[in-house]
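[1] Return atomic coordinates for the entry below.
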Amino acid sequence: MAKLTKKRKAAEAKIDKEKNYSLAEAAGMMKDINCTSFDSSVDLHIRLGVDPKKADQAIRGTVTLPHGTGKTKTVLVLCTPDKEAEAKAAGADHVGLDDYIQKIDGGWTDIDVVIATPSVMPKIGRLGKVLGPRNLMPNPKTGTVTNDVASAVNDVKGGKIAFKVDKAGIIHASVGRVSFEPNKLAENAQELINTLVRMKPSTAKGVYLKGVSMASTMSPGLTIDTKSVAS
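    Residues are numbered from 1 along each chain as shown. Predicted structure coming up:
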């Protein structure tokens, strides 16, 4: 733990706390201020001027990052037998229905994304108590409830991520890994921001993009200049 504290202090010393960095500058510093010995996730934290309690301002959706997330996602497809071959051929890691419903009911959540066909949704509704808190519940808005399971699996494996505003009006999303080239991290981050700007609700008043920061796991964050990223 002392070693980590030393790393953290060294990382903090490289940051100008008064500065608002450009995306390119922040992305370029991620390797330098990384406090872990593994290939950490690089996350973007975006504070929006929305009221998540209002249905039309509860922002959620998906974005396909141009350079992927750097993590191979484990995908479960819940479907009827006639869709199983299609899901497996697309690269789904787990495919089935009743057996997986039982497993999840028992607490199993060793997966990153759950995709379901519309016909099985009534059967898996009760899994909400397990999947909901982990943001794993299939939802038409994120493209995870669909009959085109092959496309859904390909999208997820190809870098598509889901995001959802939390109660404080903040979006938290991974835009890559510390090992990424800085330009790829910056492009992924900009793609997410552009998507959120396009989704601005007409009822949201005042400043929409209130704050943006970039940080890798267990490392200090950098404040991003919001004027430089809002298109």
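[2] Tell me if I'm right that Val229 and Leu23 touch.
    Yes: assessed by CB atoms under 8 Å, Val229 is found in contact with Leu23 at 5.7 Å. For the C-beta atoms, the positions are set from N, CA and C on the backbone; glycine is no exception.
[3] what touches both of those two?
    Ala189, Gln190 (CB atoms under 8 Å, 6 or more residues apart in numbering).
[4] okay, the two: which has more neighbours?
    Leu23 (25 against 20; other CB atoms under 10 Å).
[5] now the residue nearest to that one when sequence neighbours are not counted: how far from His67?
    The spatial neighbour of Leu23 that comes closest, neighbours along the chain excluded (CB to CB, 6 or more residues apart in numbering), is Ala186 at 4.5 Å. Ala186 sits 10 Å away from His67, taking CB to CB, to the nearest Å as the criterion.
[6] who's the residue lying closest to Tyr21 once chain neighbours are set aside bridged to?
    Closest residue to Tyr21 apart from its sequence neighbours, by CB to CB, 6+ apart: Leu222 at 4.9 Å. Assessed by DSSP bridges, Leu222 has beta-bridge partners Met214.
[7] can I assume Leu222 is in contact with Met29?
    Yes: Leu222 lies in contact with Met29 (CB under 8 Å); the separation is 6.5 Å.
[8] about what we covered before: residues in contact with the residue nearest to Tyr21?
    Shown in contact with Leu222 (CB under 8 Å, 6+ apart): Ile15, Tyr21, Glu25, Ala26, Met29, Ile33, Ser213, Met214, Ala215.
[9] which stretch of helix or strand covers the first one?
    Using DSSP states H and E, Ile15 falls within no helix or strand.
[10] Run a quick check on it versus Ile33, I expect a contact.
    Yes: shown here, Ile15 and Ile33 form a contact pair, counting by CB under 8 Å, at 6.6 Å.
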